[in-house]
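Peer 1: A predicted structure for the sequence below; I have some questions about it.
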Amino acid sequence: MIPRIDVKTAIAKKNFVGETDISFDADGALIDIPYVEFASPVRAALRYEIFADDKVEVTGEISFLLKGLCSRCLAEAEREIVYSAEGLFAPQPKDEEYGYSNGFIDLREFLRDSVLFALPARLLCASCAEDGSE
C-alpha cells in the first residue's frame, strides 16, 4: 500500500519536514523492454517539505532491480536502478505540479512517473555493457 502525506495534520502540528520509506510492487506493464521484469519491489526513500503557500516538495531516491534477457545478445542480465526523484505538489496545480486535495497527497502518480523515468531504454548483460554498447 502506498501511503499518503497528511499535509493538513503536519501543518497543524508544525511538522513542515518529514520522511517516509515505501516499498511496493510496480506495475510490470511500465517496462517496455522485451523479456525484462521487475525482480524486486520498488523502494522509495522520500523526504517532504511543506512551504508557506501550502505547496509540498517531495524528493528522494527510488531503487529497484530489473532482470531478464540482454537486449543485445539475449544472455541473462540484471541491473539495479537508482533514481533521484522530485516532485512539487500544490492544492491548485499548475504546469508540471502534481495536485492534492482535502489535505492529503496521494503519492501513486508521482511514484509511477518516477519509476517510468528511471527505466532504461534497454537492459544489457555485463559483457555487452563492457563493450560500450550502452
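Peer 2: Happy to help now that I have it.
Peer 1: Now do the end-to-end distance for stretch 43-63.
Peer 2: Stretch 43-63 has an end-to-end distance of 5 Å (criterion: CA to CA, to the nearest Å).
Peer 1: Looking only at the longest helix seen in the chain, what residues are buried by neighbour count?
Peer 2: Assignment by DSSP state H gives helix 108-118 as the longest helix of the chain. With burial defined by 16 or more other CB atoms under 10 Å, the residues of helix 108-118 counted as buried are 110-111, 114-115, 118. C-betas here are computed from N, CA, C, even on glycine.
Peer 1: And the residue most central in space within the chain, how close does it get to Ala85?
Peer 2: By CA atoms, centre = their mean, the chain has its centre lying nearest to Ser114, at 3.4 Å. For Ser114, the distance to Ala85 (CB to CB, to the nearest Å) stands at 4 Å.
Peer 1: Need the overlap of contacts for those two.
Peer 2: Here Ser114 and Ala85 share the contacting residues 44, 62, scored by CB atoms under 8 Å, 6 or more residues apart in numbering.
Peer 1: What segments of the chain are helices?
Peer 2: The residue ranges that make up the helices of the chain, judged by DSSP H, are 7-12, 108-118, 126-130.
Peer 1: would you turn these into CSV with mean pLDDT?
Peer 2: CSV is the format used below for the helices of the chain (pLDDT from 0 to 100):
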stretch, mean pLDDT
helix 7-12, 94
helix 108-118, 96
helix 126-130, 91
